[in-house]
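K.L.:
Sequence first, predicted coordinates after that:
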Amino acid sequence: MTDRWTEGDTAILHRPDSDPILVRLVTGPQAVGSEGVIDLSGEIGQPVGRSVVWSGVTCRLFRPSLSDLLSGIHRGAQIVIAKDAVHLLYLGGVGPGGQVAEAGSGSGALTIALAFAVGATGHVTSFDRRTDFLANARANVERAGLLDRVTFRERDVVADGIDLADLSSVVLDLPEPWAVLASARFALRPGGFVATYTPTYNQLERTVRALRELRFDEVRAFEVLERGLHVGEGGTRPEFEMLGHTGFLAAGRKVDDR
Ligand SMILES: C[S@@+](CC[C@H](N)C(=O)[O-])C[C@H]1O[C@@H](n2cnc3c(N)ncnc32)[C@H](O)[C@@H]1O
């Protein structure tokens, strides 16, 4: 079946010599960042991937990838970058139809990855104790066109816990994840995963100790190092520079209700 645009869809406008831009399939002209105005009314109902001419340049209109959605995020709190976000999806067992809780929302970068992964049939509840961060995260998720998959809630999850049930995953990026693990375990369904992201070894140790004490199964911890490669015929080698440290990941699975 041909994939066609529906009014309200988010799209990526792919330009030949410039960065792609996120746009919305709406009726009438819309501002595109600071770069001008585009009218995509005629594309609604048309197949995805057609050429559109904008400011005399032939561009293509595609469905956005996760990488498209994560670029251009307005940063408030420090974000989880792509290499860690995608491994949190893997470790946290996050997939289509998932019922996921996340804390804290921060800038909403990880929220976007989670919402992308759960698809139209899943849902993400994202908690943060700061109103300003919640507002910024919401704006970033709305820009990505994923707001209908996310509920933002102001709540201190260390003090008040996660007041949800039957979750498939809980994903934590806040300073004291170990203090949320008992309530995360309670909120998870059997077979569900908790995954955490912490920048320091001592946070990781406390988190893994709590995972073991709370009888999570399949406890794992690792970090992801990403090294770019310079590819040239006969001269392929690693890039000279790489990001040395972001954070450590840990995860465990709830097996039963003991
Ligand atoms: C590093 S940021 C999260 C960044 C986010 N993962 C992203 O990719 O944009 C940590 C967030 O945790 C929130 N936070 C810290 N302690 C919290 C708590 N006890 N309850 C809820 N949120 C908390 C902070 O307000 C902050 O927004």
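P.N.:
Sure, I can see it. All values derive from a computational prediction rather than experimental measurement.
K.L.:
so what's the nearest residue to residue 118 once chain neighbours are set aside up against?
P.N.:
What sits nearest to residue 118 in space, not counting adjacent residues and going by CB to CB, 6 or more residues apart in numbering, is residue 98, at 4.2 Å. C-betas here are computed from N, CA, C, even on glycine. Contacts for residue 98 (CB atoms under 8 Å, 6 or more residues apart in numbering) come out as 114, 117-118, 122-124, 168-169.
K.L.:
Now secondary structure too, for the residues you listed, in CSV please.
P.N.:
Below are those laid out as CSV (DSSP: H, G, I helix; E, B strand; the rest coil):
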residue, secondary structure
114, helix
117, helix
118, helix
122, coil
123, strand
124, strand
168, strand
169, strand
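K.L.:
which among the residues you listed gets closest to the ligand?
P.N.:
residue 114 (9.5 Å; CB to the nearest ligand atom).
K.L.:
any idea of the pLDDT on the closest residue in space to the closest one that isn't next to it in sequence?
P.N.:
In space, and not counting its chain neighbours, residue 114 is closest to residue 124: 4.7 Å by CB to CB, 6+ apart. Note for residue 124: predicted pLDDT of 98.
K.L.:
Around residue 124, how many other residues sit close by?
P.N.:
28 (other CB atoms under 10 Å).
K.L.:
Identify the bridge partners of it.
P.N.:
residue 100, residue 150 (DSSP bridges).
K.L.:
And the helix or strand encompassing residue 135, what does it pack against?
P.N.:
Counting by DSSP states H and E, the element that carries residue 135 is helix 131-143. Using 3 or more CB pairs under 8 Å, 6 or more residues apart in numbering; DSSP states H and E, the elements in contact with helix 131-143 are helix 109-118, strand 123-128, strand 150-154.
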